[in-house]
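**Student:** Return atomic coordinates for the entry below.
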Amino acid sequence: MAVAQISSLDSFRSGRRLAALLRGHDDVAAAVQTARTALQRTGWFDHLAVWDEAVHALFEANLGQAVVQGFLRLSEQWPAQRSADDLIAIGRAVRDIGCGAGSRVAHALLTELSKVLPRLAGAGELTAVLAALDELAATGPESAGLAIGRLGQFLTHAGGEEFAAWVSAGLRASGSRASRRRAYFALDDQLSAQLFAAGRSGDDFARLEKRLAATTIALWNRKPRFRKLAVAPTPVPRRTSLAAGLVGLPQTFPGFEGEAADAVYLAAVSHAGAHLVHSTVRFPVRRLKALQIALVSLIEDARVEALALYQMPGLRRLWLPFHSATPAGQATAAGLMMRLARALIDPDYQDPDAWVTKGRTLFAAAAGRWTDPAISREIGGLLGNDIGQMRLQFNAKSYVVEPAYRDDNLALWDFGDQRDSPAETIELAVDSVRIERRDDAGGQPADDNARPDETLRAKASAVTLLDGFPVATYPEWDYAARTERPDWTTILEADAAVSAQPFDSSTDADAMRWITELTRDASIGRRIRHKGQRDGDALDIDAAIALTIERRTGNISEPRVYQRDAPGPRDLAILLLLDLSQSTADRDRRGRTVLDVERKAAAIMAAAVEAANDAIAVHGFSSDGRERVRYLRIKGFAEPMDAVVRSRLAGLGSSHSTRLGAALRHAGGYLAERRAFRKVLLVLTDGEPSDVDVPDRQYLVEDARRAAQQLRRRGTDIFAFGIGEQRFPQLDRIFGERYALRVPRIEVLPQRVMQLYAELKK
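**Tutor:** Numbers count the residues shown, from 1 in each chain. The predicted model follows:
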């Protein structure tokens, strides 16, 4: 029998089975027949049997007729050019997701897919979305509906695989806590919103920052101080923000990718530079309404651009493409303002609206006074009165400055005390005041004098003095999504507490003598070559030739024809990083804890390194979630190994978990500040990375590996000792086989640490 005949027979049989199942459900049966007929017209004879099975399973899942009817409507309207496998995959996924999260979620998925299906045309994109939602429905059914509701918004600037990565990141970040999952997928979490907004575009700001700085210097002879703006958990898009001399730029401009993203960033910094040069006063708000503030700001934008174009006419080619308003635009206040903005920069633009024409006429008439910011207040006030009489709707909460390259105009206004101002006036500008801390590629703050992040200040009030104060945020690598979560971890730093109990190191005298003798003659740094010596390790060719010439001319001088290499100045900086997690309190058979041995090794090494005139710092870390990575300073590079440092060692305790990647990045920042020929980070740990908010152990392993690789690329050597009888299978993965050392017997750790130090000195 031919294959086509077999497929037709299977389709006939499956159709009869489905019809028998639907007996008594006339509405559904009629919809099935309509959908089958539509699919047959597309030549789907080979897939009808499988489609029948999908409908059969969906009906038996008892999710309600609305879900089944929704799938049948989708099937009836299914485009002929789209694969049949995609439709069948949707039917199966809706059934599985409905069984896990309920019929309402299943119906919402069908409704959303009918809208966004054209955006999921890439290979594997639909599959990735369905698989991610299926996993979410199984793991966190309470959050599945929230994620589905944001699918359309996400796909406006990203793809299906990026959506799947966002879902996967949420599941890993929240662990088993339903409240955290709900906050993440509801975009109530600031960092969730940041990942959501980044999507496929990644971090365009980081990619373009150097180019933008060069552009600002070239155009305006101003060295910019950039800040990356935090992503707001709201559908209102971010705009550039100017405040206190800082130029805040969003991580991405949604809807702009590739060359378009480059263009909008260049236009944005050029416009910001025009404000820095020409916006010399701030307008008092007093009792102005939000609409009046927006109009005055619009005229001021046009004024500074007009002055800039007078000096550099070529800027018009940079700004004009973003003015896309047309006379057919919306007859709302915001729509007319977009049209006016274009009319004030585009001399060829014609608009029949009398209000737009009046604005253009007033602005042109004031050309002789464009250097005076007062004209913006005058013209904006007149236009505001007119538009108020037109009774046009203006929503201050949803208003966003257009076009996209223009800033939010916060820096133009003096809001004063604002006790009597209308609430809507304040809401217009409050969204852009949060400037988050951002580290440069070398791990150092771009501006040490900048005001601290408001977010960090808020966090400081929620932590205790024992935990320390928030001093830095660092990214974290998501190996599954293959992206860095910016500003994901927070370091709480403090000096280690001084203990009243003395630190006993009397048994270390022999070890101290051994390491001191071993390293006394060794050095790190460039070796100094002494030439023209009476004796040495090699012949000094230049001196030998000179001596031969002298002898042939009859002169006799002392034969200094050797050269000798001698050690140069010592130049080694070591940071010893101690794991202080709860597991370091475990005891061996003789009752010693891992922390006891870490303290002993740190005391021996610190004293020996000081005896050899090298620099050493001793720090420790533990973590209680990504926002509470505790980092203790036990000994600084400039501090002597004295009684105070020893009492800090004695006071160390074991607690919480091991978020290694964040600690490595922070320790690397300390080493980056040192001027040394060789910089070494030495980690003592008794376990692999883990934390309370990360159920996926591999996640923190991969993040720590990336942190170690980044530090090595910046010239820092990293070694790690795995202490205890565990096998530490991931230690090689994080640090590399040559740099990961095992110490099964914890009592020999001090000797192993000293041996490594001796090798480093060679």
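
**Student:** how about His619, secondary structure?
**Tutor:** strand (DSSP: H, G, I helix; E, B strand; the rest coil).

**Student:** Phe735 - nearest residue in space that isn't next to it in sequence?
**Tutor:** Ala720 (4.7 Å; Cβ to Cβ, 6 or more residues apart in numbering). The C-beta positions use only the backbone N, C-alpha and C, and glycine is treated the same way.

**Student:** Next: Ala585.
**Tutor:** Closest to Ala585 by Cβ to Cβ, 6+ apart is Ser654, at 3.8 Å.

**Student:** Just to be sure, the one you found is in a helix?
**Tutor:** No. The assignment for Ser654 by three-state DSSP gives coil, which leaves it out of any helix.

**Student:** That one contacts Ser583, doesn't it?
**Tutor:** Yes. Look at Ser654 against Ser583 with Cβ atoms under 8 Å: they come within range, at 7.3 Å.

**Student:** and the gap between Phe154 and Ala165?
**Tutor:** 11 Å (Cβ to Cβ, to the nearest Å).

**Student:** still on that earlier bit, quick one, what contacts the residue nearest to Phe735?
**Tutor:** With contact taken as Cβ atoms under 8 Å, 6 or more residues apart in numbering, Ala720 is in contact with 682-685, 731, 734-735, 739-741.

**Student:** before we move on, what about Arg377?
**Tutor:** 283, 296.

**Student:** That one sits in which helix or strand?
**Tutor:** In the assignment (DSSP states H and E), Arg377 maps to helix 374-389.

**Student:** Buried by neighbour count: which residues of that helix qualify?
**Tutor:** 375-377, 379-380, 383-384, 387 (16 or more other Cβ atoms under 10 Å).

**Student:** okay if I get those as CSV plus pLDDT and distance to Leu249?
**Tutor:** Listed next are the buried residues of helix 374-389 as CSV, based on pLDDT from 0 to 100; distance: Cβ to Cβ, whole Å:
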residue, pLDDT, distance to Leu249
Ile375, 91, 28
Ser376, 91, 24
Arg377, 90, 27
Ile379, 92, 28
Gly380, 89, 26
Leu383, 89, 29
Gly384, 85, 29
Ile387, 81, 30
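
**Student:** so which of these comes closest to Leu344?
**Tutor:** Distance to Leu344 across the buried residues of helix 374-389 (Cβ to Cβ) is lowest for Ile379, with 10.0 Å.

**Student:** Stretch 36-44: how far from the chain's middle?
**Tutor:** Centre-to-centre, stretch 36-44 and its host chain are 47 Å apart (Cα atoms, centre = their mean, to the nearest Å).

**Student:** CA-only coordinates of it in PDB, if you can.
**Tutor:** Taking C-alpha atoms only, stretch 36-44 is exported to PDB below (Å, rounded to 0.1, in the frame of the first residue of the first chain):
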ATOM      1  CA  ARG A  36      -9.900  19.600  10.000                       C
ATOM      2  CA  THR A  37     -11.300  20.800   6.700                       C
ATOM      3  CA  ALA A  38      -9.100  23.900   6.900                       C
ATOM      4  CA  LEU A  39      -6.000  21.800   7.500                       C
ATOM      5  CA  GLN A  40      -6.800  19.500   4.700                       C
ATOM      6  CA  ARG A  41      -6.900  22.400   2.300                       C
ATOM      7  CA  THR A  42      -3.300  23.100   3.200                       C
ATOM      8  CA  GLY A  43      -2.300  19.600   2.300                       C
ATOM      9  CA  TRP A  44      -1.900  18.300   5.800                       C
END
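
**Student:** Can you get me a residue count around Ala676?
**Tutor:** Counted by other Cβ atoms under 10 Å, the residues lying close to Ala676 total 18.

**Student:** now swap in the one 10 residues further on and tell me
**Tutor:** Other residues near Asp686 come to 26 when the count uses other Cβ under 10 Å.

**Student:** Is it in contact with Ala585, as I believe?
**Tutor:** No. The criterion here is Cβ under 8 Å, and Asp686 misses it with Ala585 at 9.7 Å.

**Student:** Next, show the common contact partners of those two.
**Tutor:** Common neighbours of Asp686 and Ala585, using Cβ under 8 Å, 6+ apart, are Val594.

**Student:** Now do the phi/psi pair for the residue nearest to Phe735.
**Tutor:** For Ala720, the backbone dihedrals are phi -140, psi 140 (criterion: degrees, to the nearest 10).

**Student:** what's the answer for the one 3 residues further on, then?
**Tutor:** Backbone torsions of Ile723, given as degrees, to the nearest 10, read phi -100, psi 130.

**Student:** List the residues that contact the closest residue to it other than its chain neighbours.
**Tutor:** Once flanking residues are discounted, Ile723 sits nearest to Asp686: 4.6 Å by Cβ to Cβ, 6+ apart. Counting by Cβ under 8 Å, 6+ apart, Asp686 makes contact with 579, 581, 583-584, 586, 594, 722-724, 726.

**Student:** let's see it at 10 Å
**Tutor:** 579, 581, 583-586, 593-595, 597-598, 654, 658, 721-726, 728, 743, 746 (Cβ atoms under 10 Å, 6 or more residues apart in numbering).

**Student:** Tell me which of those residues fall in strands.
**Tutor:** Counting by DSSP state E, the contacts of Asp686 place 579, 721-723, 743 in strands.

**Student:** ends of stretch 615-633, how far apart?
**Tutor:** 15 Å (Cα to Cα, to the nearest Å).

**Student:** Could you name every residue contacting both of Ser654 and Ser583?
**Tutor:** 593-595, 686.

**Student:** Give me the secondary structure label for Ile718.
**Tutor:** strand.

**Student:** how many other residues sit next to it?
**Tutor:** By other Cβ under 10 Å, neighbour count at Ile718 equals 25.

**Student:** Could you do Val50 as well?
**Tutor:** As a measure of burial, Val50 has 18 neighbours, counting by other Cβ under 10 Å.

**Student:** Helices of the stretch 101-250 of the chain, residue ranges please.
**Tutor:** For the stretch 101-250 of the chain, the helices defined by DSSP state H, counting those that start in this stretch occupy 103-116, 125-139, 141-149, 151-154, 160-174, 178-185, 190-198, 204-220.

**Student:** rank those helices by pLDDT, which is bottom?
**Tutor:** Least confident of these, judged by mean pLDDT, is helix 190-198 with a mean of 65.

**Student:** Kindly calculate the angle that the longest helix seen in the chain makes with helix 374-389.
**Tutor:** As assigned by DSSP state H, the longest helix anywhere in the chain is helix 290-311. Interaxial angle of helix 290-311 relative to helix 374-389 (axes from the mean of the first three to the mean of the last three Cα atoms, to 10 degrees): 140 degrees.

**Student:** For Glu112, list the residues it contacts.
**Tutor:** 129, 133, 148-152, 155 are the contacts of Glu112 under Cβ under 10 Å, 6+ apart.

**Student:** if we look at the sheet, which residues does Phe283 bridge to?
**Tutor:** Using DSSP bridges, the beta-bridge partners of Phe283 come out as Trp413.

**Student:** Touching, it and Pro373? I think so.
**Tutor:** Yes. Counting by Cβ atoms under 10 Å, Phe283 does reach Pro373; the two are 7.7 Å apart.

**Student:** Show me whatever sits in contact with both of these two.
**Tutor:** Between them, Phe283 and Pro373 share these contacting residues under Cβ under 10 Å, 6+ apart: 296, 300, 412.

**Student:** Pick the one among these closest to Ser690.
**Tutor:** Of all the shared contacts of Phe283 and Pro373, Ser690 sits closest to Leu412, with 49.4 Å by Cβ to Cβ.

**Student:** mind listing what the closest one touches?
**Tutor:** 242, 275, 279, 281-283, 285, 293, 296-297, 300-301, 304, 373, 376, 429.

**Student:** how about 6 Å then?
**Tutor:** 283, 297, 300 (Cβ atoms under 6 Å, 6 or more residues apart in numbering).

**Student:** That one and Pro250, how far apart?
**Tutor:** Leu412 is 19 Å from Pro250, by Cβ to Cβ.
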